[in-house]
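[1] my questions concern the predicted model and sequence given below.
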Amino acid sequence: MQIALGVDHAAFEYKEALRAELERLGHAVLDCGTDGPAAVDYPAIALAVARAVRDGAAALGIFLCGTGIGGSIAANKVRGVRAALCHEAFTARMARQHNNANVLCIGARVVGRDLALEIVRVFLATAWTGEARHARRLAQLAEAEADTGTPS
């Protein structure tokens, strides 16, 4: 599976460990940045990850910044993306099973590298259940996302 991977400067030290783990698991990595520890604006990279998922260049995306909050907000601006901020394995599993999340966001200043790797493994190993109650809720989200704000 092709995975879009992006980090900002706060998470740069995690990037190679993440890439190595993804490749060890048999995934191809689409590198969305950053390429060094110099300060960068996280929205550009989070949006690149989200757009890669939206456009089909990657099946799933992973983005890390300091807290993961900004990246998840940015990624969720892209139509069709369901970015989930996860701090441990349980939320990663629920994000996939119940919300069919397609972008994982993690805060490098919130979780350690080993825990981040575990979160990634759980996220990638977990499938959406497809249960009717979850599908109904995702349809409601898609409807809200399609709302242009123009009165009918």
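    Received, thanks. Numbering: from 1, shown residues only.

[2] quick check: residue 106 is in a helix.
    No - when the secondary structure is assigned by DSSP: H, G, I helix; E, B strand; the rest coil, residue 106 falls in strand instead of a helix.

[3] can you give me the neighbour number for it?
    29 (other Cβ atoms under 10 Å). For glycine as for every other residue, the C-beta is placed from the backbone atoms N, C-alpha and C.

[4] residue numbering should commence at 41 henceforth.
    Sure, I'll start numbering at 41, so the last one becomes residue 146.

[5] any idea what it is bridged to?
    With DSSP bridges as the criterion, the beta-bridge partners of residue 146 are residue 104.

[6] how close does it sit to residue 175?
    Summarising the geometry, the distance separating residue 146 from residue 175, computed by Cβ to Cβ, to the nearest Å, is 26 Å.

[7] end-to-end on stretch 131-146?
    With Cα to Cα, to the nearest Å applied, stretch 131-146 spans 11 Å between its terminal residues.

[8] so for it, mean pLDDT?
    Stretch 131-146 shows a mean pLDDT of 97 in the predicted model.

[9] which residue ranges form the strands in the chain?
    All strands of the chain, identified by DSSP state E, fall at 42-47, 68-71, 100-105, 123-125, 143-147.

[10] name the helices or strands packed onto the second one?
    For strand 68-71, the elements it packs on are strand 42-47, helix 52-64, judged by 3 or more Cβ pairs under 8 Å, 6 or more residues apart in numbering; DSSP states H and E.
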